[in-house]
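Engineer: what follows is a predicted protein model with its sequence.
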Amino acid sequence: MPLWLLGTIVVVGLAAIWLIMRVYGFDRPLVLTHDIAAEEFATDNPGLVPEDIHLAKSGQSALIHAGGSTYVLWVMGQDVATHNVARARVSEADTGLTLRLPDFAAPRVTLTLTEDEKARWKPMIEEAA
Amino acid sequence: MDLSSLTYPDVVSLAVPFFVAAVIFEVTWIFVKKRGGRYEARDAMTSLAMGVGNVVVGILLGFITYGFLMWLWEITPLDLGTSVWVVALCFVLDDLRYYWVHRFGHRIRWVWASHVNHHSSQHYNLTTALRQTWTGTFTFMMLLSAPLVLLGFHPAMILFVGGLNLIYQFWIHTEAIDKMPRWFEAVMNTPSHHRVHHGRNPRYLDANYAGVFIVWDKLFGTFVPEQADDRPDYGLVHNIGTFNPFRVAFHEWVAIFRDWRQPGLTLWDRLRYAVMPPGWRHDGSGGGSERLKADYVAKHPDAAGTPGFENYPASATASITTRPSGARAQSS
């Protein structure tokens, strides 16, 4: 198959798939509850049980204490990712807090938080880091 | 027989329109039926971008593997020709090669660094099949094709049947098909068998490496049937937090180099960070699949002896006190 034809099929095909997923609503993010955050955290961190969960009002992130450490959990599409905040650097952003993590896969995460949450979460993260 | 100009169609490129159509069909099916799997837009686009990158890398670096195989072809005295039966035999033996490459891909971190991206989606649909590696050349797994060339299979034929193998594996990445007929499930790799392979449940870790024929797993003791009461949960044991294809493609390689840079390691430890199974740590703190399985059985003694836990007695005690570090925790 000529490269130009293959390229055209790929570009048009991917654009069509993207559009269809948008139309079907498959781009809506997961909204966390305490139960969902607890379950997702435990699944992603075998052997750890969440002891204390601070859920952001946005439903897009949570700060979790487990096994003597502090973790951040954030929504990625319909799923989540979690990370120990040890060695994280935290700074204020317009919409919440930005974490810089020592992780090539996820070096920077911005959490959407209210002003109250920002004020409460920042020292907790700094203390754990 | 002069096979210097032997060519076969580039079946993977020819299959691209089918891949696109099948994805559109599956996503529509799931939307209409409200069952049969899950799609997430950014996850799916990441998978598709990985697929495109794999093709581009193949165009740019494919000459390395092909050159190596052609060099072997020059020195082998054997030539099995190009009959249909030889192609069929090549397909079967190449699938055996695939089984071992895939098994090494889960048990040797250097190879896992390339393969991990295929397991990095938390979804299991047809786009997951296209979430392919960009760094396969650097695993040197082309060495496992050497016996086929030396036995007299032409490199072009080996790459042709490899393409057919890849196309076969496309359709098994779906939750829309539950089970195939019993005879088919017994011999062939199926959506059910491959869901197990992508599951991060402790029961399903390091299982079902087959490409086309599931018999290899049954032969080599790595087969685990899908359990109705333990539905696969997809992704890595500890998932990565990115949709960026470049970070997906290279994160485990970076993790290996970071581990190598730790101060105070012996050369032996540094080597083992590359060749030991994913999750291995020099200080014993890692969470390899054996430990995860043992811990699961310690917490769920009823699971001892059931599929996936045949070698894990109920008397085992839980060993993980800290979770596996970062995304380095091993695969599904």
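Structural biologist: All right, it came through fine. Numbering: from 1, shown residues only, chains lettered A, B, ... in the order given.
Engineer: spatially central residue for the chain, please.
Structural biologist: Just going to use chain A. A:Trp74 (2.4 Å; CA atoms, centre = their mean).
Engineer: sorry, I should have been clearer: chain B.
Structural biologist: B:His102 (5.1 Å).
Engineer: just to revisit the earlier point, now the residue nearest to the centre of chain A, what's its secondary structure?
Structural biologist: strand (DSSP: H, G, I helix; E, B strand; the rest coil).
Engineer: ok, it to A:Phe41 distance?
Structural biologist: 11 Å (CB to CB, to the nearest Å). Heads up, the C-betas are built off the backbone N, CA and C, glycines and all.
Engineer: shared neighbours of the two, anything?
Structural biologist: A:62, A:80, A:82 (CB atoms under 8 Å, 6 or more residues apart in numbering or on different chains).
Engineer: just those that are near chain B?
Structural biologist: A:80, A:82 (CB under 8 Å from any CB of the partner chain).
Engineer: buried only: go through the shared contacts of A:Trp74 and A:Phe41 for me.
Structural biologist: With burial judged by 16 or more other CB atoms under 10 Å in any protein chain shown, the buried subset of these is A:62, A:80, A:82.
Engineer: who are the contact partners of the second one?
Structural biologist: When the contact criterion is CB under 8 Å, 6+ apart, the partners of A:Val80 are A:30, A:32, A:37, A:40-41, A:44, A:73-74, B:239.
Engineer: 7 Å instead?
Structural biologist: Applying CB atoms under 7 Å, 6 or more residues apart in numbering or on different chains to A:Val80 gives the contacts A:40, A:44, A:73-74.
Engineer: what would the shared contacts of A:Trp74 and A:Phe41 look like in CSV with pLDDT, distance to B:Met276 and secondary structure?
Structural biologist: Formatted as CSV, the shared contacts of A:Trp74 and A:Phe41 follow (pLDDT from 0 to 100; distance: CB to CB, whole Å; DSSP: H, G, I helix; E, B strand; the rest coil):
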residue, pLDDT, distance to B:Met276, secondary structure
A:Ala62, 98, 33, strand
A:Val80, 98, 29, strand
A:Thr82, 98, 25, strand
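Engineer: which one of the shared contacts of A:Trp74 and A:Phe41 is nearest to B:Ser114?
Structural biologist: Distance to B:Ser114, by CB to CB, is smallest for A:Thr82 among these, at 24.5 Å.
Engineer: isn't that closest one right up against A:Val75?
Structural biologist: No. Using CB atoms under 7 Å as the test, A:Thr82 is too far from A:Val75 to be in contact (11.0 Å).
Engineer: buried ones in stretch B:302-319?
Structural biologist: B:303-304, B:306-309, B:312, B:316.
Engineer: out of the residues you listed, which two are the most distant from each other?
Structural biologist: Of all pairs in the buried residues of stretch B:302-319, the most separated under CB to CB is B:Pro307 and B:Ala316 at 17.0 Å.
Engineer: check contacts around the residue of the stretch 51-200 of chain B at minimum distance from chain A.
Structural biologist: In the stretch 51-200 of chain B, no residue comes nearer to chain A than B:Gln122, which is 4.1 Å away by CB to the nearest CB. Residues near B:Gln122 by CB under 7 Å, 6+ apart: A:79, B:43, B:234-235, B:239.
Engineer: looking at the residues you listed, which are in helices?
Structural biologist: When DSSP state H defines the helices, the subset of the contacts of B:Gln122 inside them is B:Asp43.
Engineer: wait, which of the contacts of B:Gln122 is closest to A:Glu117?
Structural biologist: A:Asp79 (22.2 Å).
Engineer: tell me, how many residues neighbour the closest one?
Structural biologist: 20 (other CB atoms under 10 Å in any protein chain shown).
Engineer: please enumerate the strands of chain A.
Structural biologist: A:52-55, A:61-66, A:69-76, A:79-84, A:89-93, A:96-100, A:108-112 (DSSP state E).
Engineer: could you dump those strands into JSON lines and include distance to B:Trp134?
Structural biologist: Listed next are those as JSON lines, based on distance: least, CB to CB, whole Å:
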{"stretch": "strand A:52-55", "distance to B:Trp134": "37"}
{"stretch": "strand A:61-66", "distance to B:Trp134": "30"}
{"stretch": "strand A:69-76", "distance to B:Trp134": "21"}
{"stretch": "strand A:79-84", "distance to B:Trp134": "21"}
{"stretch": "strand A:89-93", "distance to B:Trp134": "30"}
{"stretch": "strand A:96-100", "distance to B:Trp134": "26"}
{"stretch": "strand A:108-112", "distance to B:Trp134": "22"}
